[in-house]
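K.L.:
Kindly generate the corresponding structure for this input.
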Amino acid sequence: MKFGLQLGYWMAQPPEHAGEIIVAAEAAGFDAVFAAESWGSDAFGPLAWWGSRTERIRLGTSVVQLSARTPTAAAMHALTLDHLSGGRVILGLGVSGPQVVEGWYGQPFAKPLARTREYVDIIRQVLARRAPVTSAGPHYPLPYTGAGALGLGKPLKPIVHPLRADLPIWLGAEGPKNVALAAEIADGWLAIYYTPRLADMYNEWLDEGFARAGARRSRADFEIAASTQVVITDDPAAEVERMRWVVALYIGGMGAPELNFHAQVYRRMGYEREVDEIGRLFQAGKKAEAAAIVPDQMILDTAIIGDEAHVREQLKVWEAAGVTMLLVGVSDTEQLARLAPLVQ
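P.N.:
Numbering: from 1, shown residues only. Sure thing, here's the model as predicted:
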C-alpha cells in the first residue's frame, strides 16, 4: 500500500511550509501529492508551483470540480502540467455538490453521473489526439450549436501533443452509483470517509462497474486511494477531540441539509440518528454542541490514531480491505518525519 500526501484546499491563507513538506514527502518515499479545490484556491496551481521542486512524486488533483471548467479546459490543464512534470499527473475529478455547483459556479447540478461520463469521454479524446474532438452532448456538446451560437464552431484537436494518452483519471465518489461508474470508466477511485469495515459493500459497488461491458480496468490494475487521518500519538483522545469539529462541519455544514453526500456516507455506516442530530444542531448555529455529540467511534471508523504499533496494525487492515494508497494530511515536517518509517 502506497502513501499519498493530501494538501487539501487552502483556508483563509495559503498553508505555510507546504513546499518543504512536499519535498520531504518525496524524500520519505511518498508516491503522490494531491491538491484539492472548493470555492477558493484551485488544485492545479499549487501542484505546478510546489511540484516544480520535486522530481519523482506524482502530482494529483483530489479533486478538481467538473463545473469549474469545461472538459477541454480540464484536459488542457492536465496535459500542460503532465509535460512540465515529465508525466507525473493524476487527474482526479469530482462533481462536488449542488451548493457549490449552483451557488458558486452558476451551473445546474442535475444528472451528475451522465455529466461525469461525458466529461471523461471528452478528456480522453483530447489526450488520445486521434481526431478532432466532438461530443453529441447533451451536457458538453462540441461543437456548440445551441442558443446564441454563431454556427461557426469546428471540431479541433489540441495544438500540443499530449505526453500521455493514458494519463490516469481517478474519480472522487461517495455513493454506490458513482463508485460503480469510477470502476467502469476511470483508472482509480478517490474515496473520502472510507472505513474498512464496509469493504464488502464497497467491493460490491466496484464489482458492478468492473463487470460492465467496456470497463476500462479490472480490480488488478485499479487504484483505490482513501483519504484518512494517520496520527501517531500517545494521546489518541486528544486527537479524537480535535477531529470532532471537522466531522461535525462536514456532516452539518458541507452540503445542503436536503442533499449532503458526506452525511449520507455516515448514514451508510449506521450513524443515521447521530447524523440527524449533528445536522440539526449545526444548522441551528450550535456548532460546539454538534461537535460534542460526535461519537468517538464515528471518528475511529475512518481514521488511524494511536501509538506506532497500533497504527502499523491498522495499516494492514486497510490494505487487506483493498486500499492501494492512503492519502494523509500532514501539517508540518515534524509530523511527516513520524510517518516516514511507515512508508518504507
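K.L.:
after the lowest-mean-pLDDT helix or strand in the chain comes which helix or strand?
P.N.:
In the chain, the helix or strand scored least confidently by mean pLDDT, DSSP states H and E is helix 261-268, which has a mean of 83. On the C-terminal side of helix 261-268, the nearest following helix or strand under DSSP states H and E is helix 272-283.
K.L.:
Downstream of that next one, the next helix or strand is which one?
P.N.:
helix 287-292.
K.L.:
got the CA coordinates for the least confident helix or strand of the chain in PDB?
P.N.:
Extracted C-alpha coordinates of helix 261-268, given in PDB (Å, rounded to 0.1, in the frame of the first residue of the first chain):
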ATOM      1  CA  PHE A 261     -23.200  13.400   0.300                       C
ATOM      2  CA  HIS A 262     -20.800  13.300   3.300                       C
ATOM      3  CA  ALA A 263     -23.700  12.900   5.700                       C
ATOM      4  CA  GLN A 264     -25.000  10.000   3.500                       C
ATOM      5  CA  VAL A 265     -21.700   8.300   3.800                       C
ATOM      6  CA  TYR A 266     -22.000   8.200   7.600                       C
ATOM      7  CA  ARG A 267     -25.600   7.100   7.400                       C
ATOM      8  CA  ARG A 268     -24.400   4.000   5.400                       C
END
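K.L.:
For it, give me every contacting residue.
P.N.:
97, 174-175, 192-193, 198, 201, 250-252, 254-255, 274-275, 279, 298 (C-beta atoms under 8 Å, 6 or more residues apart in numbering). From N, CA and C alone the C-beta is placed, and that goes for glycine too.
K.L.:
again, only this time at 7 Å
P.N.:
97, 174, 175, 193, 198, 250, 251, 254, 255, 275, 279, 298 (C-beta atoms under 7 Å, 6 or more residues apart in numbering).
K.L.:
Run the chain-centre distance for that helix.
P.N.:
Mean-position distance between helix 261-268 and its chain equals 16 Å (C-alpha atoms, centre = their mean, to the nearest Å).
K.L.:
Residue 52 - how many residues pack around it?
P.N.:
By other C-beta atoms under 10 Å, the residues close to residue 52 number 12.
K.L.:
How about it: what's its closest non-neighbour residue?
P.N.:
residue 84 (7.5 Å; C-beta to C-beta, 6 or more residues apart in numbering).
K.L.:
Burial check on that neighbour, number of neighbours?
P.N.:
Neighbours around residue 84, by other C-beta under 10 Å: 16.
K.L.:
Which positions within the strand or helix carrying it qualify as buried?
P.N.:
Using DSSP H and E, residue 84 sits within helix 71-85. Within helix 71-85, the residues that count as buried by 16 or more other C-beta atoms under 10 Å are 71-72, 74-82, 84-85.
K.L.:
Residue 149: which of the residues you listed is nearest?
P.N.:
Lowest distance from residue 149 to the buried residues of helix 71-85 (C-beta to C-beta) belongs to residue 72, with 16.2 Å.
K.L.:
didn't the closest one look like it was pressed against residue 125?
P.N.:
No - the criterion here is C-beta atoms under 7 Å, and residue 72 misses it with residue 125 at 9.0 Å.
K.L.:
any residues in contact with both of those two?
P.N.:
residue 133.
K.L.:
Narrow the contacts of helix 261-268 to those that are buried.
P.N.:
97, 174, 193, 250, 251, 254, 255, 275, 279, 298.
K.L.:
Where does the fourth one sit, in terms of helix or strand?
P.N.:
It stands for residue 250. Applying DSSP H and E, one finds residue 250 within helix 236-252.
K.L.:
list the buried ones in that helix?
P.N.:
Quick answer for helix 236-252 (16+ other C-beta under 10 Å): 236, 239, 240, 243, 244, 247, 248, 249, 250, 251, 252.
K.L.:
Now stretch 191-207 - C-alpha only, PDB.
P.N.:
The C-alpha coordinates for stretch 191-207 follow below in PDB (Å, rounded to 0.1, in the frame of the first residue of the first chain):
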ATOM      1  CA  ALA A 191     -12.500   7.600  -1.500                       C
ATOM      2  CA  ILE A 192     -13.400  10.000   1.300                       C
ATOM      3  CA  TYR A 193     -14.500   8.800   4.700                       C
ATOM      4  CA  TYR A 194     -13.600   5.200   3.800                       C
ATOM      5  CA  THR A 195     -14.000   2.600   6.500                       C
ATOM      6  CA  PRO A 196     -12.500  -0.900   6.200                       C
ATOM      7  CA  ARG A 197     -15.500  -2.500   8.000                       C
ATOM      8  CA  LEU A 198     -17.600  -1.700   5.000                       C
ATOM      9  CA  ALA A 199     -15.100  -3.100   2.400                       C
ATOM     10  CA  ASP A 200     -17.600  -5.800   1.300                       C
ATOM     11  CA  MET A 201     -20.200  -3.100   0.500                       C
ATOM     12  CA  TYR A 202     -17.600  -1.100  -1.500                       C
ATOM     13  CA  ASN A 203     -16.400  -4.100  -3.300                       C
ATOM     14  CA  GLU A 204     -20.000  -4.900  -4.500                       C
ATOM     15  CA  TRP A 205     -20.200  -1.400  -5.900                       C
ATOM     16  CA  LEU A 206     -16.800  -1.700  -7.600                       C
ATOM     17  CA  ASP A 207     -17.600  -5.100  -9.000                       C
END
